[in-house]
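**Q** Give me coordinates for this.
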Amino acid sequence: MKIFAHRKFLLFVFSFFIALSTFATAPIKALIITGQNNHNWQVSHVVLKNIMENSGLFTVDFSISPKHGEKMNNYIIDFSPYQLVVLDYNGDNWPKTTQDRFLEYVRNGGGVVVYHAANNAFTDWVEFNKIIALGGWNNRNESSGPWVYWKDNKLVRDNSPGVGGSHGQQSEYVLNARNTKHPIVKGLPPKWKHGKDELYDRMRGPGDIKDLLYTAYSEPSLGGSDREEPLIFTVEYGKGKIFHIMLGHAGDSPENNPSMQCTGFQVLLLRGSEWAGNRQSYTTCSKRFSNSYIRKFQKRL
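**A** Prediction:
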């Protein structure tokens, strides 16, 4: 009887630790919001999902909005099942119910990735602009907040009048690290060349950047701002963690898509997503996408 009880106890302990191990390594559940965009969302949302799920770190669902101009009243999103929301959306206003649920989700600790043109959305939604910190286009100007750029080794907040959001012609450009200790970028090169992409400049907003990770110089000969622009950074909103990455202009197809095929973009998307998804052991991603990927980064310079 004692032996049987002992075996049952060992079986329970074994099962308990297996369950703990499974829980500790369970993928982060993510939701990509898409369906309207002035960019090729039909490509971008599929590529984002593939990058994230192929890492083994995420399971990804889609929420695809009605088409531009169609009724949005019933576009109600339940954010509660998700640890991470990836914004690939730039279009008609969400219903107030969805807006309120999104703000509650972030304030209570939900993670957010602001991807590329998602920062063009919702010019007049004050709280959304606090979440993204910087945005562009869609009638943004000095009333939207200051330009924010890097100069003399610090972030400058420039209240001069002018447009909010622009970019020169697509090109390869060098990313310059402004923080080498943050877990998202720890171990990555201080400089690396990104694949052909848009370089967003003259972005405006509340500008409450918490951790500036990478900037890049916007070349005036290509139509750029002649400034070092903040392109990858974090934001805090309530208990939520926001990772904002302005890279990743979608190509014509998943196969013809240099900015999203770039090693640097993919590694930073994964690291930033895992960090924002509130995994306590998010160094998993840092370790998995470290040395071998650093070598690929370095080959591009």
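
**Q** wouldn't R227 be in contact with L155 here?
**A** No. Using CB atoms under 8 Å, R227 is not in contact with L155, being 11.4 Å away. Any C-beta I mention is one placed from the backbone N, CA and C, and that applies to glycine too.

**Q** residue contacts, the residue most central in space within the chain?
**A** For the chain, the residue nearest the mean C-alpha position is V113 (3.0 Å; CA atoms, centre = their mean). By CB atoms under 8 Å, 6 or more residues apart in numbering, the residues touching V113 are L84, V85, V86, L87, I242, F243, H244, I245, L269, G272, S273, A276.

**Q** now Q266
**A** I51, M260.

**Q** change the start of the numbering to 35 and stick with it
**A** Sure, I'll start counting at 35 from here, so that last one is Q300.

**Q** and V219, that's in a helix?
**A** No. With DSSP: H, G, I helix; E, B strand; the rest coil as the criterion, V219 is assigned coil and is not in a helix.

**Q** Without its sequence neighbours, what residue ends up closest to it?
**A** Nearest residue to V219, sequence neighbours excluded (CB to CB, 6 or more residues apart in numbering): L247, at 5.2 Å.

**Q** neighbours around the one you found, how many?
**A** Using other CB atoms under 10 Å, L247 has 25 neighbouring residues.

**Q** which residue ranges form the strands in this structure?
**A** Per DSSP state E, the chain carries strands over the ranges 62-68, 92-98, 118-121, 145-149, 181-185, 188-192, 200-201, 205-211, 225-231, 234-235, 245-251, 262-271, 274-279.

**Q** Kindly reformat these as CSV containing distance to P217 and mean pLDDT.
**A** Shown next, in CSV, are these (distance: least, CB to CB, whole Å; pLDDT from 0 to 100):
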stretch, distance to P217, mean pLDDT
strand 62-68, 15, 98
strand 92-98, 17, 98
strand 118-121, 16, 98
strand 145-149, 14, 98
strand 181-185, 21, 98
strand 188-192, 21, 98
strand 200-201, 29, 98
strand 205-211, 14, 98
strand 225-231, 18, 97
strand 234-235, 24, 98
strand 245-251, 10, 98
strand 262-271, 10, 98
strand 274-279, 11, 98
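
**Q** and the closest residue to I165 other than its chain neighbours, bridged to which residues?
**A** Distance criterion CB to CB, 6+ apart; nearest residue to I165, sequence neighbours excluded, is Y271 at 4.9 Å. Here Y271 sits in beta bridges with G274, as judged by DSSP bridges.

**Q** okay but Y271 is in contact with R141, surely?
**A** Yes. In this structure, Y271 is within contact of R141 by CB under 8 Å, at 6.8 Å.

**Q** Tally up the residues packed near the residue nearest to I165, please.
**A** Applying other CB under 10 Å, we find 20 residues neighbouring Y271.

**Q** Also K273?
**A** 11.

**Q** now swap in A60 and tell me
**A** Neighbour count for A60, taken as other CB under 10 Å: 12.

**Q** Could you check how far it is from T157?
**A** Distance, A60 to T157, by CB to CB, to the nearest Å: 38 Å.

**Q** The closest residue to G257 other than its chain neighbours: what's it in contact with?
**A** In space, and not counting its chain neighbours, G257 is closest to G202: 3.3 Å by CB to CB, 6+ apart. Neighbour list for G202: L233, D235, S252, E253, P254, L256, G257, G258 [criterion: CB under 8 Å, 6+ apart].
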